[in-house]
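*Asks:* mind looking at a prediction? Sequence and model below.
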Amino acid sequence: MADRLHGTVALVTGASSGIGEATALALAGAGASVALVARRRDRLDALAQRIDEAGGRALAIEADVTVEEAARTTVRRTVDELGRLDILVNAAGVMLLGRIEKADVESWKRMLDINVNGLMIMSHAALPHLLAAAEKEPRRVADVVNISSVAGRVARAGSGVYNASKWAVNAFSEALRQEVTGRHVRVGLVEPGAVATELASHNTDPEVLARMRERFGSIEVMHPEDIADIIAFTVTRPRRVAVNELLVRPTEQAD
């Protein structure tokens with residue numbers, strides 16, 4: 001896959017850890033210049049240095065993508081400093097679980113803001129540039145890849161608002177796909193099952209943690225690199241091929 005993305009520019013949100021970090025490395029390894037977007041500057045700088053030392057090109061942008069002006073500035077900086085925008089990967093997200101009757105409503109607002117609003121704002125800000133890139137060499141196609149979850153397909157007690165946030169991502173992605181079909185912007189949805197990332201650490205409720213151990217403690221979960229490989233596969237398909245939806249679980253995950 002080396003150099004299949006030579007001459008292109010990708011923007012990855014949530015790039016300071018987990019799936020976002022692994023995806024940035026995978027796309028850089030395929031030849032793309034990569035804008036790294038997250039709120040933790042030290043991690044972004046370390047990742048940018050790693051990419052640069054491997055012969056790639058990276059731009060670290062500290063930003064909160066839930067703030068509209070910050071999101072638009074992020075896209076403008078990417079285009080101004082890297083020259084264009086061919087690929088948007090919306091990987092920023094949080095997973096705050098718990099029963100509805102016991103919930104902290106502020107945590108709901110935060111999760112919906114990051115998982116849904118940030119993704120939609122970034123997509124809106126990036127879309128004009130993606131449409132422009134879709135008419136240019138070297139690929140004459142552009143990509144949006146949104147990270148959803150198995151939780152966007154099956155609701156469970158104790159994760160209702162997280163489920164709702166991922167169902168919203170699925171609906172938005174499908175509507176966007178329909179709107180840009182015929183204009184050579186592909187919209188892909190990746191729905192991972194259990195992945196070894198920081199998401200679980202966002203939860204401190206003993207009941208939630210016990211339930212997670214019960215579900216996943218005895219299986220081999222996926223690594224962020226597994227999902228990054230799938231994203232890289234998605235965006236390196238020929239112009240005539242759109243991978244619109246991929247559900248990916250650990251081999252031993254039942255639901």
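*Replies:* The structure has been received and is ready for your questions. Numbers count the residues shown, from 1 in each chain.
*Asks:* how many neighbouring residues does Leu246 have?
*Replies:* 17 (other C-beta atoms under 10 Å). No exception for glycine: its C-beta is placed from N, CA and C like everyone else's.
*Asks:* reduced to three states, what does it come out as?
*Replies:* Following DSSP: H, G, I helix; E, B strand; the rest coil, Leu246 is assigned to strand.
*Asks:* right, and it touches Gly188 too?
*Replies:* Yes - assessed by C-beta atoms under 8 Å, Leu246 is found in contact with Gly188 at 7.2 Å.
*Asks:* between the two, what contacts are shared?
*Replies:* Common contacts of Leu246 and Gly188, defined by C-beta atoms under 8 Å, 6 or more residues apart in numbering, comprise Thr234.
*Asks:* and the helices in the stretch 1-150 of the chain?
*Replies:* For the stretch 1-150 of the chain, the helices defined by DSSP state H, counting those that start in this stretch occupy 18-29, 41-53, 68-82, 105-112, 119-133.
*Asks:* which elements pack onto the third one?
*Replies:* Yep, that's helix 68-82 we're talking about. Other helices and strands packing on helix 68-82, by 3 or more C-beta pairs under 8 Å, 6 or more residues apart in numbering; DSSP states H and E, are strand 9-13, strand 33-38, strand 58-62, helix 119-133.
*Asks:* those: which one's closest to Arg77?
*Replies:* strand 58-62 (5.9 Å; C-beta to C-beta).
*Asks:* distance of the nearest residue to Thr197 once chain neighbours are set aside relative to Ala210?
*Replies:* Of all residues not flanking Thr197 in the chain, Gly18 sits nearest, at 3.5 Å (C-beta to C-beta, 6 or more residues apart in numbering). Distance of Gly18 to Ala210, computed by C-beta to C-beta, to the nearest Å: 23 Å.
*Asks:* which one's more surrounded, these two?
*Replies:* Between Gly18 and Ala210, counted using other C-beta under 10 Å, Gly18 has the larger neighbour count: 22 against 11.
*Asks:* distance of that one from His223?
*Replies:* In terms of C-beta to C-beta, Gly18 sits 10 Å off from His223.
*Asks:* which neighbours do the two share?
*Replies:* What both Gly18 and His223 touch, as defined by C-beta under 8 Å, 6+ apart, is the set Val195.
*Asks:* for the chain, what helix or strand is lowest in average pLDDT?
*Replies:* Using mean pLDDT, DSSP states H and E, helix 206-216 stands out as the lowest-scoring helix or strand of the chain, at a mean of 72.
*Asks:* list of residues touching the longest strand belonging to the chain?
*Replies:* Ranked by residue count, the top strand of the chain under DSSP state E comes out as strand 185-192. Contacts to strand 185-192, defined as C-beta under 8 Å, 6+ apart, come from residues 19, 127, 130-131, 134, 141-150, 152-153, 166, 169-170, 173-174, 176-177, 180, 222, 227, 230-231, 234-235, 237, 242-249.
*Asks:* can you check stretch 121-134 too?
*Replies:* With contact meaning C-beta under 8 Å, 6+ apart, stretch 121-134 is reached by 8-9, 11, 13, 65-66, 68, 71-72, 74-75, 79, 84-86, 88, 90, 139-144, 146, 172, 176, 180, 183-185.
*Asks:* circling back: out of the helices of the stretch 1-150 of the chain, which comes closest to Met95?
*Replies:* Of all those, it is helix 105-112 that lies closest to Met95, at 7.6 Å by C-beta to C-beta.
*Asks:* find the residue at the geometric middle of the protein.
*Replies:* Among the residues of the chain, the one closest to the centroid is Ala91, at 1.9 Å (C-alpha atoms, centre = their mean).
*Asks:* what's that one in contact with, if anything?
*Replies:* 12-15, 18-20, 23, 147.
*Asks:* quick check: which ranges of this protein have low pLDDT?
*Replies:* Residue ranges of the chain with pLDDT under 70: 1-2, 201, 203-204, 208-209.
*Asks:* one more time with 80, if that's ok
*Replies:* Screening the chain residue by residue with the criterion pLDDT under 80, one finds the ranges 1-2, 198-217, 255.
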